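Participant: A predicted structure for the sequence below; I have some questions about it.
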Amino acid sequence: MENLKKYFDSYAGYVFWAFFVLLAAGALFVLALFYNEVKSARFVGEGIEFRNTISVSGEGEVFAAPDTAQFSFAVIEEADTVSEAQTVVTKKMNAILDALKKDMDVPEKNIKTTNYNIAPRYEYEESRTQGGFPISGERILVGYEVSHWVEVKMKNDDTIGKALARVGELGATNISSVNFVIEDEERVLRDARKKAIADAKEKAKILADDLDVKIIKIVNFSEGGGPVYYARDFAVSEAAFGKGGGAPTPEIPVGENKITSFVTIIYAIE
């Protein structure tokens, strides 16, 4: 009886260890398969393992009304001394900034100085002759020019025309770079990208069918494109805004901005 017990104990132990070895080997095999799958699919752009690929391009367009207006202006003054020119520029600019903040509700964070410049102004004497030959006139300092440039961003509503008129009325000598943009560009660009991807997918299906191949997966993706802005430049003079009188309010057509996305997708095929 004791010998029989030892026999079964020995046989059970053998079966146990044999089963354990098989289970461990199976686990290692599954782990290896999982590792290879993760390695092959870790990056969308890795296509080295695929020798056969097709490349397709897609385009998507979205039109949207801009909700933000941007423009720049300058106050420029000439005087005999720097101090005199700066005094006039500062007085005019402070009045303009105060009107933008209080009358047009433009936040201070949306008003930014882009340039402040002080430069001497010279004139040349009329050319004269010496010994029958013309000689250059002498350069003479006649004063100084001070310029203060500011960029403004505000809501694109019916106040933009009023703001341009008010800025000119208060002494701005240059108004330019009027742009209409979309504040949340990424949201609109995403819609354009979706259209471009759908366009590329449709082209890929047609091409795969024509080539009698099967699409396996995406191995590379790239994108280009972006928003298209429509700028309007204004050259503003005292006469344009009515010297000494009220400033007319210009009509500012806005229209729509076009946002375009171009994508290229490379598919592995078999």
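Facilitator: Good, I have the coordinates. Numbers count the residues shown, from 1 in each chain.

Participant: How many residues are close by the nearest residue to residue 138 once chain neighbours are set aside?
Facilitator: Nearest non-adjacent residue to residue 138, counting by C-beta to C-beta, 6 or more residues apart in numbering: residue 125, 5.0 Å away. Heads up, the C-betas are built off the backbone N, CA and C, glycines and all. Neighbour count for residue 125, taken as other C-beta atoms under 10 Å: 10.

Participant: now residue 84
Facilitator: 15.

Participant: And for residue 255?
Facilitator: 10.

Participant: Look up how far residue 182 lies from it.
Facilitator: 12 Å (C-beta to C-beta, to the nearest Å).

Participant: which residues in the stretch 101-250 of the chain form helices?
Facilitator: Applying DSSP state H, counting those that start in this stretch to the stretch 101-250 of the chain gives helices spanning 159-169, 185-211, 238-241.

Participant: so where's the stretch 51-200 of the chain uncertain?
Facilitator: 126-137 (pLDDT under 70).

Participant: if you go through it in chain order, where are the strands?
Facilitator: 53-64, 68-79, 111-124, 128-130, 133-135, 139-155, 174-181 (DSSP state E, counting those that start in this stretch).

Participant: Tell me which of those strands lies nearest to residue 213.
Facilitator: For the strands of the stretch 51-200 of the chain, the distance to residue 213 is smallest for strand 53-64, at 7.5 Å, taking C-beta to C-beta.

Participant: Show me what that closest one is packed up against.
Facilitator: helix 185-211, strand 257-269 (3 or more C-beta pairs under 8 Å, 6 or more residues apart in numbering; DSSP states H and E).

Participant: I'd like the strands of the stretch 51-200 of the chain laid out as CSV, including mean neighbour count.
Facilitator: As requested, the strands of the stretch 51-200 of the chain are exported to CSV (neighbours: other C-beta atoms under 10 Å):
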stretch, mean neighbour count
strand 53-64, 16
strand 68-79, 20
strand 111-124, 12
strand 128-130, 8
strand 133-135, 8
strand 139-155, 17
strand 174-181, 18
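
Participant: okay, those strands in a markdown table with distance to residue 223 next?
Facilitator: A markdown table is the format used below for these (distance: least, C-beta to C-beta, whole Å):
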| stretch | distance to residue 223 |
| --- | --- |
| strand 53-64 | 10 |
| strand 68-79 | 24 |
| strand 111-124 | 30 |
| strand 128-130 | 66 |
| strand 133-135 | 63 |
| strand 139-155 | 27 |
| strand 174-181 | 20 |
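
Participant: Excluding residues flanking it in the chain, which one is nearest residue 123?
Facilitator: residue 142 (4.9 Å).

Participant: I'd like the distance between the one you found and residue 97.
Facilitator: Residue 142 is 30 Å from residue 97, by C-beta to C-beta.

Participant: Identify the residues contacting the closest residue to residue 82 other than its chain neighbours.
Facilitator: Closest residue to residue 82 apart from its sequence neighbours, by C-beta to C-beta, 6+ apart: residue 144 at 4.8 Å. By C-beta atoms under 8 Å, 6 or more residues apart in numbering, the contact list for residue 144 reads 78, 79, 80, 81, 82, 85, 118, 119, 120, 121.

Participant: repeat that with 10 Å
Facilitator: Going by C-beta atoms under 10 Å, 6 or more residues apart in numbering, residue 144 touches 77-86, 118-121.

Participant: So what's the residue count around residue 268?
Facilitator: The burial count for residue 268: 18, using other C-beta under 10 Å.

Participant: who does it bridge with?
Facilitator: residue 53, residue 217 (DSSP bridges).
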